[in-house]
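Q: Sequence and predicted structure are below.
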Amino acid sequence: LRSASKEGTIEEPIRVAMGNKRALQNPTQRSRSNKWVRPLAGAASGIVEMVALMPLDVLKTRAQLGMRGNSVLGSSLLGLKLKIMKHEGLSALYKGLVPLCTQQSLKYGTRHGMFQFTRNLIWKNDGLRPTPALVNILAGLSAGVIESLIITTPFEVVKTRLQQQRGFHSQAKYRGTIQAASKIVQTEGVFALWNGVLPTMIRGGSNQACNFFAASTINQHIWGRRVGDGKQLAIWKTMLTGFISGCIGPTLNNPLDVAKTRLMAQTNGKGTAHPKQRGGRTIQHNLVLARGMSGCSSGAKPHYTGMFDCIRQIAQKEGVFALWNGLTPRLIRTGLGQAISWTIITRVMVSLEAPSNIPPIPRLSSLTQKEKNKNTIWLLR
């Protein structure tokens, strides 16, 4: 290190490194002391995202329940929004806001906390090397599966039941978050809150594997940033990173999201009455009764027996493209949501990082052949 600094090839990084030997010996000490920062920042970003983008989630749910046909590109998206506002009022675009805000804050906190925990568990970072792509994928996958199992599924069931109803009135079957959850448990059993858990777990795991892999790859290889270096990126860069990262998974796994929505919307048939008999006319009954998506009458079997049966029936009866219903509002909501989330999380994390004591990673393309042959370069890598 001393010989390299004398020649002046990478004098500044060496000076910083030698000037803080403790940082090199234990470079992850600061990140461990702030282990709660990332989950809390994630929880806050989830609430901001949901308040801003809730109408898109309602449009996506209605589209997947068949309200706008089989259009993949979503050409009728604006017409769907205007129709809902005309017949049900502006407040209908914020149906399920309370459970979804609660879900998002808990989900994002769990997601980023579990990602951080799993990444540190399987990768003992020495502070000098960037986290491998496979580690980010596995940590993201585990975070997505866990959040889907314990948080996403029950909240999504309640949200879907609320969003499938027309308008707000005293005779509606579901009239609020707590009442809806209680009603589902009383009439269908507690496990009804986990309807569609398998596609939700697969969807969540694949989404977060793509999300964290893409975000870390873009930050490292395009923006030249890595965790702990204290580098604050421009807002447009973090927004673009989040948008791209958030769109990859949903594009690939939209059939799972459609199956999840259909399974969550149908009742289990355990002593439940048909929506017409309860006075709570739903989108399912009014629009897609022929497809068997309406609530089950008392003692009747659910129309879909599981994830694979649901996907098969949709493809056979409605066409393969029906598996991509709601893709446009989902991409807009998820992409913009992740743009907001990653911007908030990144700026909070970087603001708590002290000016970097870790030498920057030299770019191979910027080094001379003489510098490439220096062992010091590879120590810094």
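A: Good, I have the coordinates. Please read all numbers here as calculations on a predicted model, not as lab measurements.
Q: Every contact and neighbour count from this point should use C-alpha atoms.
A: OK.
Q: Going by neighbour count, list what's buried in the helix or strand where Thr238 lies.
A: Assigned by DSSP states H and E, Thr238 belongs to helix 235-265. By neighbour count, with 16 or more other CA atoms under 10 Å as the criterion, the buried positions of helix 235-265 are 235, 237-250, 253-265.
Q: Show the average pLDDT along that helix.
A: Confidence over helix 235-265, taken as the mean pLDDT, stands at 92.
Q: what's that helix packed up against?
A: In this structure, helix 235-265 packs against helix 37-64, helix 153-163, helix 197-221, helix 307-318, helix 327-351, with contacts taken as 3 or more CA pairs under 8 Å, 6 or more residues apart in numbering; DSSP states H and E.
Q: Most tightly packed of the ones you listed?
A: Ranked by mean neighbour count under mean count of other CA atoms under 10 Å, the helices and strands packed on helix 235-265 are led by helix 153-163, which reaches a mean of 25.
Q: and the helix or strand harbouring Gln186 with helix 153-163, angle?
A: In the assignment (DSSP H and E), Gln186 maps to helix 177-188. Helix 177-188 and helix 153-163 meet at an angle of 100 degrees, taking axes from the mean of the first three to the mean of the last three CA atoms, to 10 degrees as the criterion.
Q: Could you give me the buried positions within helix 177-188?
A: In terms of neighbour count (16+ other CA under 10 Å), helix 177-188 has its buried residues at 177, 180-184, 187-188.
Q: can I get the residues you listed in a markdown table with distance to Gln164 and pLDDT?
A: What follows is the buried residues of helix 177-188, written out as a markdown table (distance: CA to CA, whole Å; pLDDT from 0 to 100):
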| residue | distance to Gln164 | pLDDT |
| --- | --- | --- |
| Thr177 | 13 | 80 |
| Ala180 | 12 | 88 |
| Ala181 | 15 | 89 |
| Ser182 | 17 | 91 |
| Lys183 | 15 | 91 |
| Ile184 | 14 | 91 |
| Thr187 | 18 | 91 |
| Glu188 | 18 | 90 |
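Q: Make a markdown table out of those residues and add distance to Lys231.
A: Shown next, in a markdown table, are these (distance: CA to CA, whole Å):
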| residue | distance to Lys231 |
| --- | --- |
| Thr177 | 42 |
| Ala180 | 46 |
| Ala181 | 44 |
| Ser182 | 48 |
| Lys183 | 50 |
| Ile184 | 48 |
| Thr187 | 53 |
| Glu188 | 52 |
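Q: picking up where we left off before, to Glu147, which of the helices and strands packed on helix 235-265 lies closest?
A: Distances from Glu147 to each of these were compared using CA to CA; the minimum, 7.7 Å, belongs to helix 197-221.
Q: How about residues contacting the closest one?
A: Helix 197-221 is contacted by residues 130, 133-134, 136-149, 152-153, 225-226, 241-242, 244-246, 248-250, 253, 256-257, 259-260, 307 when judged by CA atoms under 8 Å, 6 or more residues apart in numbering.
Q: tell me the angle of it relative to helix 327-351?
A: Computed by the same axes, to 10 degrees, the angle between helix 197-221 and helix 327-351 is 50 degrees.
Q: would you list the helices and strands packed on helix 235-265 in a markdown table and tack on distance to Leu121?
A: As requested, these are exported to a markdown table (distance: least, CA to CA, whole Å):
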| stretch | distance to Leu121 |
| --- | --- |
| helix 37-64 | 16 |
| helix 153-163 | 26 |
| helix 197-221 | 16 |
| helix 307-318 | 32 |
| helix 327-351 | 20 |
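Q: Figure out which of the ones you listed is closest to Gly89.
A: Ranking the helices and strands packed on helix 235-265 by their distance to Gly89 (criterion: CA to CA) puts helix 37-64 first, at 12.1 Å.
Q: Just name whatever secondary elements the closest one is in contact with.
A: Using 3+ CA pairs under 8 Å, 6+ apart as the contact criterion, the neighbours of helix 37-64 among helices and strands are helix 77-88, helix 97-122, helix 153-163, helix 235-265, helix 327-351.
Q: mean confidence score for that helix?
A: Summarised as a single mean, pLDDT over helix 37-64 is 84.
Q: quick one, that helix and helix 153-163 angle?
A: Going by the same axes, to 10 degrees, helix 37-64 makes 40 degrees with helix 153-163.
Q: and the angle from helix 37-64 to helix 97-122?
A: Interaxial angle, helix 37-64 versus helix 97-122 (the same axes, to 10 degrees): 130 degrees.
Q: How many residues are close by Asn120?
A: Asn120: 16 surrounding residues under other CA atoms under 10 Å.
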